[in-house]
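Participant: Test case, fold it:
(one chain, ligands or ions: 2)
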Amino acid sequence: MGDRSSMESVEESESNRRGGESVDPDLPAVPPVDGAAERAALERQPTLTKPPGSLGRLEDLAVAIAGLVGAPRPELAEATVVVAAGDHGVVDRGVSAYPQAATRAMLENFLEGGAAINAIAGAVDAETLVVDAGIAGNPVPGALDVRIDRGTDDASSAPAMSRRDAVAAIDAGLRIASEELADADVVALGEMGIGNTTIAAAITAALTEASPGEATGHGTGIDDGELDHKVAVVEEMLETSALDANEQAANEQDASARVDDAIDVLAGVGGFEVGVLAGVAIGCAADRTPVVVDGAISGAAALLADALEPDVRPFLLPSHAGVEPACAIQLDALGLEPLFAYDLRLGEGTGACLALPIYRSACATLRGMATFEDIGLAE
Ligand SMILES: Cc1cc2ncn([C@H]3O[C@H](COP(=O)(O)O)[C@@H](O)[C@H]3O)c2cc1C
Ligand SMILES: O=C(O)c1cccnc1
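Facilitator: Ligands and ions are numbered 1, 2, ... in the order given. Got it, this is the predicted structure:
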């Protein structure tokens, strides 16, 4: 992941821009939920010093996490939010309220500690890992450099990237999980990339039954006229790469066709940060590390991870109900119920970090509370 290998991959990708060859990511096996740990946690809940069920959904969350991490009394001590960034050629189509340069400026801001995610991650005691997955210009000094290229092509007129680059993005995420996140007990997905609510809408429409009109929202704050144009651009993106949710559904049972379809979606519409986050999610799940989903873009990465490797699904934890319409569609498709709705429409991993104290509190009750026997109240 050092400078040399990343520059090689940039050069290589120039010659592979429209490469149609079939390459597959090297996906690790994701273990099943640990039924014994889950059962032990479930049996412990009614022994704790509270009326049964009185901690409501916190009790269910704690039991689920016990099964995920494989420990009857789990602790989510070390948390990291991965903020992956990429630039998107489709920004040339006027789909965002902000210029592409805001992506680099915000990456520098993350590294200086001045962004919303720095404030919230600091408040909830989470590490921040800033990842340059491919933005215009030189690598951002101080960011983890896994650059696939210097931004994607305009996906409304050509595939966003080659299949080879799509696989490289997923592989980079898998490497981040195994090399940078090995000590994390829980990982939050965050991102930065002007134009990426357009990418998220296209991925959501490609991987669910939702139409582009249903999946596309105002992002950073475009007006209603601009939203109509953004929906038309998302439709063009799907047509350009001939992405068809019905065909994908038909291929669902065949693992290699399913992986091929998911790579087609990522290569067709982008973006590098989404592919990296999908790889992070799969790599973390393989290591029994729960992954907290944030808003529309990390939700698109979660959909992609689920399409690539369905065993990842139990490890995807919800956070908030985002304002961007893709969020509700993604959560529904993944069978996730949001923990709270705070009218967030920022991304960066902010909503996912806000959920961490809830997950940690759930574990703390299961782990730390006294039992009725301890206080001499057992029958
Ligand atoms: C200053 C600033 C900080 C941000 N932090 C996250 N986003 C969010 O907004 C962008 C997606 O919205 P759209 O698709 O409309 O461009 C992404 O960068 C996302 O992370 C930001 C956007 C801006 C302008
Ligand atoms: O839901 C999100 O994550 C989101 C919404 C608007 C802009 N950027 C991100």
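Participant: which bits of the stretch 101-250 of the chain sit near ligand 1?
Facilitator: The stretch 101-250 of the chain comes close to ligand 1 at residues 102, 106, 191, 192, 193, 194, 195, 196, 197, 198, 219, 220, as judged by Cβ under 6 Å from any ligand atom. The C-beta positions use only the backbone N, C-alpha and C, and glycine is treated the same way.
Participant: redo that, cut-off 5 Å
Facilitator: Contact residues (Cβ under 5 Å from any ligand atom) of the stretch 101-250 of the chain with ligand 1: 102, 106, 192, 193, 194, 195, 196, 197, 219, 220.
Participant: residues in contact with the second one?
Facilitator: To tie it back to what came earlier, the one meant is residue 106. Residue 106 is in contact with 85, 115, 192, counting by Cβ atoms under 8 Å, 6 or more residues apart in numbering.
Participant: Just the closest of those to residue 48, please.
Facilitator: Set against residue 48, the nearest of the contacts of residue 106 by Cβ to Cβ is residue 115 (38.8 Å).
Participant: nearest residue to the residue of the stretch 151-300 of the chain found nearest ligand 1 other than its sequence neighbours?
Facilitator: Distances between the stretch 151-300 of the chain and ligand 1 by Cβ to the nearest ligand atom are smallest at residue 219, namely 2.4 Å. Once flanking residues are discounted, residue 219 sits nearest to residue 197: 3.7 Å by Cβ to Cβ, 6 or more residues apart in numbering.
Participant: helices and strands around the helix or strand that contains the one you found, which ones?
Facilitator: Residue 197 belongs to helix 196-207 when assigned by DSSP states H and E. Other elements packing on helix 196-207 under the criterion 3 or more Cβ pairs under 8 Å, 6 or more residues apart in numbering; DSSP states H and E are helix 212-215, helix 224-240, helix 245-250, helix 255-269, helix 272-286, helix 296-308, helix 325-334.
Participant: Just checking the first one against ligand 2, any contact.
Facilitator: No - looking at helix 212-215 against ligand 2 by Cβ under 5 Å from any ligand atom, there are no contacts, and the closest approach is 11.8 Å.
Participant: Output that helix as PDB - backbone C-alpha positions only.
Facilitator: What follows is helix 212-215, C-alpha atoms only, in PDB (Å, rounded to 0.1, in the frame of the first residue of the first chain):
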ATOM      1  CA  PRO A 212     -33.500   6.200 -10.300                       C
ATOM      2  CA  GLY A 213     -36.300   8.700  -9.400                       C
ATOM      3  CA  GLU A 214     -36.900   6.900  -6.100                       C
ATOM      4  CA  ALA A 215     -33.200   6.500  -5.200                       C
END
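Participant: Just name the most buried of the helices and strands packed on helix 196-207.
Facilitator: Counting by mean count of other Cβ atoms under 10 Å, helix 272-286 has the highest mean neighbour count of those, with a mean of 31.
Participant: Helices of the stretch 1-150 of the chain, residue ranges please.
Facilitator: For the stretch 1-150 of the chain, the helices defined by DSSP state H, counting those that start in this stretch cover 3-15, 35-44, 57-69, 101-112, 116-123.
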